[in-house]
Structure formats: structure tokens, C-alpha cells
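Dropping the sequence and predicted coords here.
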Amino acid sequence: MPELPEVETVRRTLMPIVGETIRGAWDSAKGLHMQRKPPRAKLKKLIGATFTAPRRHGKYLLLDTTTQYSLLIHLGMTGRVLIHDKTTARPAHTHVVLDLGTKELRFADARRFGQVDVVERSKEHAHPALAVLGPDPLVHGIDPVAFAYRAKKKKAILKTFLLDQSVLAGVGNIYASEALWRAQLKPTMRAFKLTAANAEKLADAISETFKIALENGGTSFSDFIAADGAEGYNEEHLWVYGRAGEPCLRCKTKIKRAVHQGRATYYCPTCQTS
Ligand SMILES: [Zn+2]
């Protein structure tokens, strides 16, 4: 599932839509997972609007326009936002298309766990998807004091705590394992046991993990691609995720895989000690 670095990569590759005017909107009439009805009536509000700036909060993209409306997109598990020439055949599972003249902005999603919506900019924080989000590590930075304070109130294990989008928006399953390895913290430590020093270490590890992933264009595995069609190559640079049985890059101990809340966690049993 795309996480902050992948969605940020998409945002950056969406810059060519700035200045493009929306001339028409089409949808497949198939509902997307988080929103059963197709957003047809809302998409019509965008016709005549010109894209200004693509923004991002956590895993959500917000494509602002010259009107009060912005296009909200969540990639879900397999969602792709693509800028294509109109003459290029639409990819399978295309569910939303905005006509930009010679080009189209297309949203394709095989598993339909993604979301497309139109929000009013002044009311965007009231949108149910955005209302629950905590700060974005890249846009707002991570305040280690506030981060430690949130942890103090949580009984959940650290891995689960990191996946809570109200704590930090944008951390998902891959980068939670990666950041914990980098900070040398046990994924199963209870969040409330996080000391101020370890909170700072973890905050730094998250920022650093995201920075490296972004430099590598995100982690693709099977589905993720940028709006220009490029695949990321961060999977070649992952420290623990997907490396069960392989040697830890720090201490050579075999990396272990565990399952927490139905999701895989990868860690080193030797050097993730506190
Ligand atoms: Zn190790």
C-alpha cells in the first residue's frame, strides 16, 4: 500500500497539471471502496476550473484549483493517478477521468480501495478522511515532545502506534518496520514506555527513512507507480522489510518476521533492543 513517500512521489510528478483547465469529467459508475457512490455530481463542479497546486497530507492528495474546490485522492492499495495523452488507451480499471484538452488525468484502481472526492478548500478539514489526520512528518515536521506525549497515553505496541494516522499521517506498514529498525527500538515495546530520548530517536528515524525512500522514488513492489509512469526503486534499499531470514545490515543476525494486527512486521531480534 502506498505510504507517504509514494504519495509524495505522485504529488511531485503531478506538477505538469498546474495551469491545465478541466474541460470534462467521466467516471466508470463503479463505486470505490471508501465511498460507495461514484463522485459524478461532485466532479462536475470542477469543470472550467484550472489546477493550481498539488498538495498532500499523509496519504491523501489534494489537487487545488482556481475555484474553491479541490480534488481529493487516496490511492488505497492499488490506485494510480496518471497523466496521459488523450490518444493513449485508458488502462484497465480506470474509474475517473478528467479531460484536460490534449491530456487526461486518470485514476485507475484494480482493487478499488482508493478514494476520489471533491472538497471545498475552506471546509476540507471537516472531511471525514482528513479530520482524523495528525501532522504530516514532511509538511509539518515531527515535534518529538508532542510525539512522546501522544505515546504516553497509548497501551498499543510501538508498531501499531506508528500506524495510527491520528498520531502521524503517512506512516504505513513498510516504513513503520524500517523506522523502528533504524531507531533500534523493539516493535513490541508498549508506546507508553517510549522515553523522551527514544521518541526523539524514532522521530529522526521516521524523517530519515522517508527522506531516503523519496530520493529513491518510493517503494514499488507490484503496484505503485508515479503519475509519469515511473516505478520507484526503494525496495532495493529496504533495511528489514521483506528480508526475513537475511542478515541484519547492522549486526548480521537473521531478520525475523512477526504478525501484529494481521500485518507483517520485520525486525532484528539482536539490535532492536530497547
Ligand atoms: Zn541487527
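Good, I have the coordinates. Residues are numbered from 1 along each chain as shown.

Any residues of the stretch 101-250 of the chain in contact with the ion? List them.
Listed as neighbours of the ion in the stretch 101-250 of the chain under the rule C-beta under 5 Å from the ion: 248, 250. Glycine gets a C-beta too; all of them are placed from N, C-alpha and C.

Just the closest residue of the stretch 101-250 of the chain to the ion, please.
For the stretch 101-250 of the chain, the residue closest to the ion is residue 248, as judged by C-beta to the ion, at 3.1 Å.

The residue nearest to that residue when sequence neighbours are not counted: neighbouring residues, count only.
With C-beta to C-beta, 6 or more residues apart in numbering as the criterion, residue 248 has its nearest non-adjacent residue at 4.1 Å, and that residue is residue 268. When counting by other C-beta atoms under 10 Å, one arrives at 24 neighbours for residue 268.

which residues does residue 268 contact?
Counting by C-beta atoms under 8 Å, 6 or more residues apart in numbering, residue 268 makes contact with 181, 240, 248, 250-251, 253, 255-256.

repeat that with 6 Å
Shown in contact with residue 268 (C-beta atoms under 6 Å, 6 or more residues apart in numbering): 248, 253, 255.

can you check residue 220 too?
Here residue 220 is in contact with 231-232 (C-beta under 6 Å, 6+ apart).

before we move on, what SS does it have?
Here residue 220 is recorded as coil under DSSP: H, G, I helix; E, B strand; the rest coil.

Quick check: residue 72 touching residue 117?
Yes - contact criterion C-beta atoms under 6 Å: residue 72 and residue 117 qualify, at 4.4 Å.

Phi, psi for the residue of the stretch 101-250 of the chain closest to the ion please.
phi -60, psi 140 (degrees, to the nearest 10).

same question, the one 10 residues further on
Per-residue torsions, residue 258: phi -130, psi 160 (degrees, to the nearest 10).

Give the residue spans of this structure that score low on pLDDT.
Applying pLDDT under 70 to the chain flags the ranges 34-38, 222.

where exactly do the strands run in it?
Shown for the chain, the strands assigned by DSSP state E span residues 24-27, 51-57, 60-65, 69-74, 79-85, 94-99, 103-109, 115-120, 256-260, 263-267.

and these, which is most packed in?
Comparing the strands of the chain by mean neighbour count (mean count of other C-beta atoms under 10 Å), strand 69-74 comes out on top with a mean of 24.

other SSEs contacting it?
strand 60-65, strand 115-120 (3 or more C-beta pairs under 6 Å, 6 or more residues apart in numbering; DSSP states H and E).

what angle do it and strand 103-109 make?
40 degrees (axes from the mean of the first three to the mean of the last three C-alpha atoms, to 10 degrees).

one step back: make JSON lines out of the strands of the chain and add distance to residue 230.
Formatted as JSON lines, the strands of the chain follow (distance: least, C-beta to C-beta, whole Å):
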{"stretch": "strand 24-27", "distance to residue 230": "25"}
{"stretch": "strand 51-57", "distance to residue 230": "16"}
{"stretch": "strand 60-65", "distance to residue 230": "17"}
{"stretch": "strand 69-74", "distance to residue 230": "18"}
{"stretch": "strand 79-85", "distance to residue 230": "11"}
{"stretch": "strand 94-99", "distance to residue 230": "19"}
{"stretch": "strand 103-109", "distance to residue 230": "16"}
{"stretch": "strand 115-120", "distance to residue 230": "22"}
{"stretch": "strand 256-260", "distance to residue 230": "29"}
{"stretch": "strand 263-267", "distance to residue 230": "26"}
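
For residue 151, find the nearest of those strands.
When those are compared by C-beta to C-beta, strand 256-260 sits nearest residue 151, at 16.5 Å.

With that, I have no additional questions.
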